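# Let me see the structure of the following:
(one chain, ligands or ions: 1)
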Amino acid sequence: MSSTTKKHLVTLIAGDGIGPECVYAAKEIVEATGAPIEWEEVEAGLNVFKRGLPSGVPPETIASIHKSRVVLKGPLETPVGFGEKSANVTLRKLFETYGNIRPVRELPGVKTPYSGRNIDMVIVRENVEDLYAGIEHMETPGVAQCLKLISHKGCEKIVRLGFEFARSEGRKTVHCATKSNIMKFTEGMLKRTFEEIAKEYPDIESHHIIIDNCAHQMVKKPEQFDVIVTTNMNGDIISDLGSALIGGLGFAPSANLGNEVAIFEAVHGSAPKYAGKNVINPLAVVNSAVMMLRHLHLFDEASTIENAILVTLEEGKVMPRDVVGDEKAASTTAFTKEIIKNFGKKSTKWKVRDYKPLKMPVIDSNPISVKLKDRSYVGVDVLVESGMAANELGKSIEELTKDLDFKLKVISNRGTKVYPSSGAITDCVDLWFCRFFVESEKDYDNHLAKLLSGISQKHKWVHVEKLQKFGNELSFTKAQGED
Ligand code: NAP
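Have a look, this model is predicted:
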């Protein structure tokens, strides 16, 4: 049955909780197609954390992925506590799998309030930037900060991937979902990049949508969406919403794609309460394996499995627990066998798409910002930790800095101007953003050093953010109430 005789090496990670049951079911189904795959099984997750490796991903696993470039994995549990990073996020970031593809398609026999509406969309989520870069600081013992880093390069990669993915699946529309109305620089960068790049794909309709309305529209009229490109955090939330529309996490596959490595896994986690009970639905991982086969250009094998799944669900004789409940449910292993038994059959109603190979975008490696010539320093935000009231702090800082080149313009607290008072009723915390401007950029760093030493005579500064102008554009946002 295989369309080629070359054997593809695939790194297999069984994972934690229900992971092994799902992953071995998928492996059995893939092997039954005769797909030319050689598996290399390695470890990651809970047992590795328990052995004291804080990344949860041992060197042998990293070496295997470097060799194979393709991974099929089960869910990995993240210990709750401080210190350990999610092994899933580690894997995605180690191999720069910047695009997370999550298909959401109505399935036969899986009754939901949306049955019959033909939901069939793909969420293309940026996978390595945004709040998920996990760059967090405790600025004061009572105030935490998480950096939302978004790059033009990251946006370009995910937008191009969205359009290329649409082409590979013959899809006609791409939506870009952002919160650009509030976060104009970060979320706005994705919107602007999307609007630039959309012009290169005239065969595909493109629309921008605000993410909260996108969530609303997904519940109200999900059939209107084809491909949705979005940032990491937004994508995480709306893709879980998407899986609920088509029957839950038991059905939701995903691919993490990069230019070097691709990792295929279910959207769901390790569901520890079902571990070892042979009751879970393996389809999320099986469908992830189908995506993997297409990535390896094993299109016939992928379609054999997808058709067999559609037939099995349409017949409804052997069904997983999350569709028919405990009483009538088939075990994970029986359901797996039924899919294999249905190889070669096709539903007359439920069709498999005509897939073409996906063209991964190649992006200019030169960051756009380096090319910008006309830029200058105009001021600084100094974050000060203080238990004083706004007025008292403002007067004190003005007094300490009155003879310096940097002049205090405004103090804000959690994004709202509090000094000079604008009359806002703000429940202040002990982290104050003191914004200073300077007339000339000349000797900027020396003046800044004097400013910091002036402030530190009486106050504790914890963070400094230089303020720039790019051409005539300010590179920073204003606080609420700041003019
Ligand atoms: P979860 O493991 O996804 O389970 C949540 C619920 O989803 C389950 O209780 C079950 O619902 C349903 N479910 C999940 N997989 C299913 C399947 N194959 N078949 C049928 N139903 C399924 O979420 P969690 O309990 O929040 O997370 C558990 C652990 O997994 C955590 O340590 C988390 O960090 C980790 N996690 C890993 C990944 C990953 O590796 N990519 C992703 C998410 C979470 P019912 O209770 O209604 O039956």
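# For stretch 281-298, which residues meet the burial criterion?
Taking 16 or more other C-beta atoms under 10 Å as the neighbour-count basis, stretch 281-298 is seen to contain the buried residues 281-296, 298. All C-beta atoms are positioned from the backbone trio N, CA, C, and that covers glycine.
# So is it next to the ligand?
Yes. Taking C-beta under 6 Å from any ligand atom as the criterion, stretch 281-298 and the ligand are in contact, through Asn281, Ala284.
# How about Ala35: what's its closest non-neighbour residue?
Leaving aside its sequence neighbours, Ala35 sits nearest to Glu301 (C-beta to C-beta, 6 or more residues apart in numbering; 4.3 Å).
# wait, that neighbour sits on Val30?
Yes. Using C-beta atoms under 8 Å, Glu301 is in contact with Val30, at 7.3 Å.
# Those two: which is more packed in?
Here Glu301 and Val30 are compared on neighbour count by other C-beta atoms under 10 Å; more neighbours surround Glu301, at 26 against 23.
# Could you verify that that one is part of a strand?
No. The assignment for Glu301 by DSSP: H, G, I helix; E, B strand; the rest coil gives helix, which leaves it out of any strand.
# distance of it from Leu257?
Distance from Glu301 to Leu257, counting by C-beta to C-beta, to the nearest Å: 19 Å.
# again, but for Ile425
Plainly put, Ile425 is 48 Å away from Leu257 if you go by C-beta to C-beta.
# more neighbours, those two?
A count of neighbours by other C-beta under 10 Å puts Leu257 above the other of Ile425 and Leu257, at 25 against 5.
# Thought Leu161 was touching that one, still the case?
Yes. The criterion here is C-beta under 8 Å, and Leu257 meets it with Leu161 at 6.9 Å.
# what about Leu245, neighbour count?
Under the neighbour criterion other C-beta under 10 Å, Leu245 is assigned a count of 20.
# overlap in contacts of Glu301 and Val30?
Shared between the contact lists of Glu301 and Val30 (criterion: C-beta atoms under 8 Å, 6 or more residues apart in numbering) are residues Leu293.
# Over to the nearest residue to Leu400 once chain neighbours are set aside. Which of the three states is it?
Using C-beta to C-beta, 6+ apart and skipping residues adjacent in sequence, the residue nearest Leu400 is Gly454, 4.8 Å away. In the three-state summary, Gly454 is assigned as helix, counting by three-state DSSP.
# and the buried residues of stretch 281-298, which of them are in helices?
Using DSSP state H, the members of these that fall in helices are 283-295.
# which pair in the residues you listed spans the largest distance?
Within these, Leu283 and His295 form the most distant pair, 18.3 Å apart (C-beta to C-beta).
# For Leu257 and Leu161, list the residues in contact with both.
With contacts taken as C-beta under 8 Å, 6+ apart, Leu257 and Leu161 have Tyr98, Gly99, Met360 as neighbours in common.
# ranking those by neighbours, who comes first?
When neighbours are counted by other C-beta under 10 Å, Gly99 leads these with 28 neighbours.
# so the residue of the stretch 51-200 of the chain found nearest the ligand, which of the three states?
For the stretch 51-200 of the chain and the ligand, the shortest gap (C-beta to the nearest ligand atom) falls at Pro75, measuring 3.3 Å. The three-state assignment at Pro75 reads coil, by three-state DSSP.
# Now do the same contact list for the residue in the stretch 101-250 of the chain that the ligand sits nearest to.
Each residue of the stretch 101-250 of the chain has a distance to the ligand, by C-beta to the nearest ligand atom, and the smallest belongs to Gly250, at 3.3 Å. Neighbouring residues of Gly250 by C-beta under 8 Å, 6+ apart: His268, Ile280, Asn281, Leu283, Ala284, Pro320, Asp322.
# could I get those residues as JSON lines with distance to Pro58 and pLDDT?
What follows is the contacts of Gly250, written out as JSON lines (distance: C-beta to C-beta, whole Å; pLDDT from 0 to 100):
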{"residue": "His268", "distance to Pro58": "24", "pLDDT": "92"}
{"residue": "Ile280", "distance to Pro58": "26", "pLDDT": "96"}
{"residue": "Asn281", "distance to Pro58": "29", "pLDDT": "97"}
{"residue": "Leu283", "distance to Pro58": "29", "pLDDT": "97"}
{"residue": "Ala284", "distance to Pro58": "25", "pLDDT": "97"}
{"residue": "Pro320", "distance to Pro58": "32", "pLDDT": "95"}
{"residue": "Asp322", "distance to Pro58": "33", "pLDDT": "92"}
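# what's the most distant pair in these?
Of all pairs drawn from those, the greatest distance, 12.7 Å, lies between His268 and Pro320 (C-beta to C-beta).
# could you pull out the strands for the stretch 251-400 of the chain?
Remark: strands assigned in the stretch 251-400 of the chain by DSSP state E, counting those that start in this stretch are 253-257, 262-266, 375-385.
# So Gly142 sits against Arg414, correct?
No. Gly142 is not in contact with Arg414 according to C-beta under 8 Å; the separation is 11.8 Å.
# quick one: common contacting residues for the two?
Both Gly142 and Arg414 are in contact with Val429, where contact means C-beta under 8 Å, 6+ apart.
# Those two: who's more crowded?
With other C-beta under 10 Å as the criterion, Gly142 and Arg414 differ in neighbour count, and Arg414 comes out ahead with 15 against 10.
# What pLDDT is listed against Asp483?
Per-residue confidence for Asp483 comes out at a pLDDT of 85.
# Next one: it relative to Asn234, how far apart?
According to C-beta to C-beta, Asp483 stands 31 Å off from Asn234.
# Contact residues of the stretch 301-450 of the chain facing the ligand?
Counting by C-beta under 6 Å from any ligand atom, the residues of the stretch 301-450 of the chain lying close to the ligand are Asp322.
# hey, where'd the helices end up in the stretch 301-450 of the chain?
Counting by DSSP state H, counting those that start in this stretch, one finds helices in the stretch 301-450 of the chain at the ranges 321-328, 332-341, 390-400, 444-455.
# got the angle for the last one vs strand 375-385?
In other words, helix 444-455. Going by axes from the mean of the first three to the mean of the last three C-alpha atoms, to 10 degrees, helix 444-455 is angled at 20 degrees with respect to strand 375-385.
# Give me the distance from helix 444-455 to the chain's centre.
What separates the centre of helix 444-455 from the centre of its chain is 39 Å, taken as C-alpha atoms, centre = their mean, to the nearest Å.
# on contacts alone, who are the packing partners of it?
In this structure, helix 444-455 makes packing contacts with strand 375-385, helix 390-400, strand 460-470, judged by 3 or more C-beta pairs under 8 Å, 6 or more residues apart in numbering; DSSP states H and E.
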